[in-house]
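Visitor: sequence plus predicted model, see below.
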Amino acid sequence: MKFKEKKRSLFAKILHSSFGVFTSRIFGLIRDLVIAALFGASKYTDAFFVAFAIPNLFRALFAEGALSSAFIPILAENRNKGVKYSNTYMTKIITYLFLIVGLLTFIIIIFSKYFILLFLPGYATDKEMVIFASNILKIVMPYLLFISISSIFAGFLNLLGSFFIPQSSTALLNISMIAGAYIGWIFDNNIYYLAYGVFVGGILQLLLLFVFSYIYGYRIQSNLKMSDNVKKTFLLIIPSIFGVGISQLNFTVGRIIASFLNEGSISYLYYANRLFQFPLGVFSVALSGVALAELSKTDIIDTQSKQHNLIDKAFIAIILIILPATIGLILLSDEITRFIYQRNHFTALDAAQTASALIMYSAGLIFFSFVNLFTKVFHSRKDTKTPVKIAAISFICNVIFMLLFIKWFSHAGIALASSFAAGINAFLLYAYIRDYSFNFKNNLAIILKIVSASAIMATVVTILKHYSLNLLIVILISAMTYFLCLAVLKVNIRRVLK
């Protein structure tokens, strides 16, 4: 007996995954729009975003990042041993993960005040804010437990060819937070309800993924004895945790430094980062998730050329989508920020400050995309140590860049530093994939065509901006121009990713 598996082409998998992330990110965008409109950018939103960032920091360690990168290759390696064997392995992983993350969650809740002081030192003298932020942290912290277990079910579904449900499941969190924000606004702008939305959303997301995993064949098993594969998984997680942790520290250190800047600086960085994460999540993260699942299923002995071909296609796919997205975000940063955020409590000044950070983040969008891809290549080969070493170098560079750039660009300098560090990270990861190099000879023509189409699109955007047209019209015409140019240059997107 085998699990129910969907057979799809690489193009279809990327499309389903991207559409799933797109669904989630649309609701995420609405969530941020609602939060900005109802609560603006203040020390209270700074406190909420920092408190919410703490479970999300550990989420990257125990959920989407380290755990899934170790879990998926081992499950792929052993899935042919039978459904019961795989279900037993998954149940054990979930059980031990529940114990570990549950203990961590409990400790952080007990010592919430000290964790807030660690992550929000700029407000250390404001006792009211410290108490407020620590109370928010107590409410949102259990989300870490829910999302960590959800990641196991998401990885299981990805391996079986289901990408839309796992990637779109975060929409439930966003919808719940939107409801919480609205209820909080009704009750005298009480942000506590927004935190309760995080708690409820985590539960809903977990339930959804469990139900679909059950449909695909997962059943809870009673054998909870520690096995070699479970030990192997957690041993692989250890170096990966440091790698993902270092990557997350880049954003965390940025928030810590921003807490010493003007009130609202943390919020500006958050709102800008959310806009920057939209194309990164919709395409780059989705693509990397598909790449990990596909590369993990290939047989290293006789399909190295297939692996290299998959990486090449992913490489081109990133340039194809992320290059025009980068140009659009940079050229339209002011218009996008005003269109999405500027209303009610979010002022024109807030929009301008957010736009400046968005430009700096966007400059590194393609580098962040390549980091996601190349890291997954190492993880598919069960090498979690090399990305850690490189991430450590990148982190040191990021801190140095931050301290330099904030002198000239204030909070936007923190975003620019992240982009520079991502560039260094991407270059080193590529250089250390010893048996692979991108086939520029065979792919130079298509890259030049993509660059040419992007340049024409940039010209169109600049012209349309001059006439102050509606943002949505500018985006629509620019996108049509780009894809029309690709068609004229005979770039068939489907064929490229087939």
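Guide: All right, it came through fine. Being a predicted model, the structure only gives us computed values, none of them experimental.
Visitor: point out where this protein drops to low pLDDT.
Guide: 1-18, 20, 60-70, 73, 78-80, 236-248, 281-304, 382, 384, 496-498 (pLDDT under 70).
Visitor: repeat the analysis, applying 50 as the threshold.
Guide: Residue ranges of the chain with pLDDT under 50: 1, 299-302.
Visitor: neighbours around residue 27, how many?
Guide: 20 (other C-beta atoms under 10 Å). Just so you know, the C-beta spots here come from the backbone N, C-alpha and C atoms, and that holds for glycine as well.
Visitor: work out for me the element it sits within.
Guide: Following DSSP states H and E, one finds residue 27 within helix 10-39.
Visitor: for the next helix or strand after that helix, C-alpha coordinates in PDB please.
Guide: Remark: after helix 10-39, the chain's next helix or strand is helix 43-62, criterion DSSP H and E. Provided in PDB are the C-alpha atoms of helix 43-62 (Å, rounded to 0.1, in the frame of the first residue of the first chain):
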ATOM      1  CA  LYS A  43       5.400  52.300  19.900                       C
ATOM      2  CA  TYR A  44       2.400  50.000  20.400                       C
ATOM      3  CA  THR A  45       2.700  48.500  17.000                       C
ATOM      4  CA  ASP A  46       6.500  48.300  17.500                       C
ATOM      5  CA  ALA A  47       5.800  46.300  20.600                       C
ATOM      6  CA  PHE A  48       3.300  44.000  18.900                       C
ATOM      7  CA  PHE A  49       5.600  43.300  15.900                       C
ATOM      8  CA  VAL A  50       8.500  42.500  18.200                       C
ATOM      9  CA  ALA A  51       6.400  40.200  20.400                       C
ATOM     10  CA  PHE A  52       5.000  38.400  17.300                       C
ATOM     11  CA  ALA A  53       8.600  38.200  15.800                       C
ATOM     12  CA  ILE A  54       9.700  36.000  18.700                       C
ATOM     13  CA  PRO A  55       7.600  32.900  17.900                       C
ATOM     14  CA  ASN A  56       8.300  33.600  14.200                       C
ATOM     15  CA  LEU A  57      12.000  33.500  14.900                       C
ATOM     16  CA  PHE A  58      11.700  30.100  16.500                       C
ATOM     17  CA  ARG A  59       9.100  29.100  13.800                       C
ATOM     18  CA  ALA A  60      11.900  29.500  11.200                       C
ATOM     19  CA  LEU A  61      14.100  27.200  13.300                       C
ATOM     20  CA  PHE A  62      11.500  24.400  14.200                       C
END
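Visitor: okay, strands next: where are they in the stretch 51-200 of the chain?
Guide: Remark: strands of the stretch 51-200 of the chain are absent; assignment by DSSP state E, counting those that start in this stretch.
Visitor: could you work out the end-to-end span of stretch 135-144 for me?
Guide: End-to-end distance for stretch 135-144, by C-alpha to C-alpha, to the nearest Å: 16 Å.
Visitor: next one: phi and psi at residue 343?
Guide: Dihedral pair for residue 343: phi -170, psi 160, per degrees, to the nearest 10.
Visitor: can you pull the contacts of the residue nearest to it when sequence neighbours are not counted?
Guide: Of all residues not flanking residue 343 in the chain, residue 37 sits nearest, at 4.9 Å (C-beta to C-beta, 6 or more residues apart in numbering). Residues near residue 37 by C-beta atoms under 8 Å, 6 or more residues apart in numbering: 341, 343, 344, 345, 346.
Visitor: same thing but at 10 Å, please
Guide: Contact analysis of residue 37 by C-beta atoms under 10 Å, 6 or more residues apart in numbering lists 181, 185, 340, 341, 342, 343, 344, 345, 346.
Visitor: mind putting those residues into a markdown table with neighbour count and distance to residue 157?
Guide: Below are the contacts of residue 37 laid out as a markdown table (neighbours: other C-beta atoms under 10 Å; distance: C-beta to C-beta, whole Å):
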| residue | neighbour count | distance to residue 157 |
| --- | --- | --- |
| 181 | 25 | 29 |
| 185 | 20 | 35 |
| 340 | 21 | 31 |
| 341 | 25 | 34 |
| 342 | 18 | 38 |
| 343 | 15 | 38 |
| 344 | 13 | 39 |
| 345 | 16 | 39 |
| 346 | 25 | 37 |
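Visitor: among those, name the ones in helices.
Guide: 181, 185, 340, 341 (DSSP state H).
Visitor: look up the closest residue to the last one, ignoring the ones flanking it.
Guide: Read that as residue 341. Using C-beta to C-beta, 6+ apart and skipping the chain neighbours, the partner closest in space to residue 341 is residue 36 (4.4 Å).
Visitor: so the one you found versus residue 142, what's the distance?
Guide: Using C-beta to C-beta, to the nearest Å, we find residue 36 at a distance of 26 Å from residue 142.
Visitor: who has more neighbours out of those two?
Guide: Set residue 36 next to residue 142 and count neighbours by other C-beta under 10 Å: residue 36 wins out with 27 against 19.
Visitor: and that one, what is it in contact with?
Guide: By C-beta under 10 Å, 6+ apart, the residues touching residue 36 are 45, 181, 267, 270-271, 274, 337, 340-346, 350-351, 354.
Visitor: kindly report the same for residue 175.
Guide: 24, 27, 28, 30, 31, 197, 200, 201, 204.
Visitor: dump those to CSV, plus distance to residue 106.
Guide: Converted to CSV, the contacts of residue 175 look like this (distance: C-beta to C-beta, whole Å):
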residue, distance to residue 106
24, 29
27, 30
28, 28
30, 33
31, 28
197, 22
200, 20
201, 21
204, 22
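Visitor: top of the residues you listed by number of neighbours, please.
Guide: residue 201 (27 neighbours).
Visitor: I'd say that one and residue 174 touch.
Guide: Yes: at 7.2 Å, residue 201 and residue 174 qualify as touching, with contact defined as C-beta atoms under 10 Å.
Visitor: shared neighbours of these two, which are they?
Guide: residue 31.
Visitor: now the helices for the stretch 351-498 of the chain?
Guide: 365-380, 385-409, 411-431, 440-466, 471-488, 493-496 (DSSP state H, counting those that start in this stretch).
Visitor: for those, which one ends up most surrounded?
Guide: Of all the helices of the stretch 351-498 of the chain, helix 365-380 has the most neighbours on average by mean count of other C-beta atoms under 10 Å, namely a mean of 25.
Visitor: now do that helix: which elements does it pack against?
Guide: helix 66-78, helix 228-258, helix 265-279, helix 286-297, helix 304-331, helix 385-409, helix 411-431 (3 or more C-beta pairs under 10 Å, 6 or more residues apart in numbering; DSSP states H and E).
Visitor: what's the offset of that helix from the middle of its chain?
Guide: In terms of C-alpha atoms, centre = their mean, to the nearest Å, the centre of helix 365-380 is set 12 Å apart from its chain centre.
Visitor: can you check stretch 147-158 too?
Guide: 15 Å.
Visitor: list the buried residues for that stretch?
Guide: Of the residues in stretch 147-158, 147, 148, 149, 150, 151, 152, 153, 154, 155, 156, 157, 158 count as buried by neighbour count, 16 or more other C-beta atoms under 10 Å.
Visitor: in TSV: the residues you listed, plus distance to residue 329.
Guide: Output for the buried residues of stretch 147-158, formatted as TSV (distance: C-beta to C-beta, whole Å):
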residue	distance to residue 329
147	27
148	31
149	34
150	29
151	28
152	33
153	33
154	27
155	30
156	34
157	31
158	28
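Visitor: show me those residues that map onto helices.
Guide: Judged by DSSP H, the buried residues of stretch 147-158 include 147, 148, 149, 150, 151, 152, 153, 154, 155, 156, 157, 158 as members of helices.
Visitor: and which of those is nearest residue 212?
Guide: Distance to residue 212 across those (C-beta to C-beta) is lowest for residue 157, with 6.1 Å.
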